[in-house]
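**Q** Mind folding the following:
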Amino acid sequence: ADPTGAEYLPAIMDSGTSCLVLPGDDLDGRLTNVPFDDFSRLWARDASFFVEVGGHRHEVPFSAWFLSRTNQTCVQPSPTGMQGLLIG
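**A** Predicted coordinates for the structure are as follows:
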């Protein structure tokens, strides 16, 4: 079936932002999961993860989302009311 747009989330790509902001809830039922919870449960040292933008799969390497100096991830849950994700 042709895409309707409902299967996509809005996203902001911001080169001035250094972190990734994932939905922290199910976006009023638009999602069957909570992406930030999934990330928190599944992330692993030295592992990449992937995002699909415009039908193209992009790797986000460990070195881009893990802050080695502070030993923490640079992935955050979205603030209440944000209806998408932010890729920095």
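**Q** Quick check: closest non-adjacent residue to residue 9.
**A** Computed as C-beta to C-beta, 6 or more residues apart in numbering, the closest residue to residue 9 that is not its neighbour in sequence is residue 84, at 4.7 Å. Placement of C-beta: from N, CA and C, glycine included.
**Q** got a list of what the one you found touches?
**A** 9, 10, 11, 12, 23, 78 (C-beta atoms under 8 Å, 6 or more residues apart in numbering).
**Q** just residue 61 next, same as before
**A** residue 48.
**Q** Give me the neighbour count for the spatially closest residue to residue 6 that is not a sequence neighbour.
**A** Leaving out its chain neighbours, the residue that sits closest to residue 6 by C-beta to C-beta, 6+ apart is residue 30, at 7.8 Å. By other C-beta atoms under 10 Å, the residues close to residue 30 number 14.
**Q** And residue 30, how far from residue 74?
**A** 25 Å (C-beta to C-beta, to the nearest Å).
**Q** picking up where we left off before, which stretch of helix or strand covers the residue nearest to residue 6?
**A** Under the criterion of DSSP states H and E, residue 30 resides outside all helices and strands.
**Q** Could you do residue 38 as well?
**A** Here residue 38 is assigned to helix 35-42, by DSSP H and E.
**Q** Mind checking the pLDDT average for that helix?
**A** The predicted model assigns helix 35-42 a mean pLDDT of 92.
**Q** What would it look like as PDB? C-alpha coordinates only.
**A** Output in PDB follows, covering the C-alpha atoms of helix 35-42 (Å, rounded to 0.1, in the frame of the first residue of the first chain):
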ATOM      1  CA  PRO A  35      11.100   4.700  21.900                       C
ATOM      2  CA  PHE A  36      13.100   6.200  24.700                       C
ATOM      3  CA  ASP A  37      12.100   3.300  27.000                       C
ATOM      4  CA  ASP A  38      13.200   0.900  24.300                       C
ATOM      5  CA  PHE A  39      16.500   2.700  23.900                       C
ATOM      6  CA  SER A  40      17.100   2.800  27.700                       C
ATOM      7  CA  ARG A  41      16.500  -0.900  27.900                       C
ATOM      8  CA  LEU A  42      18.500  -2.000  24.800                       C
END
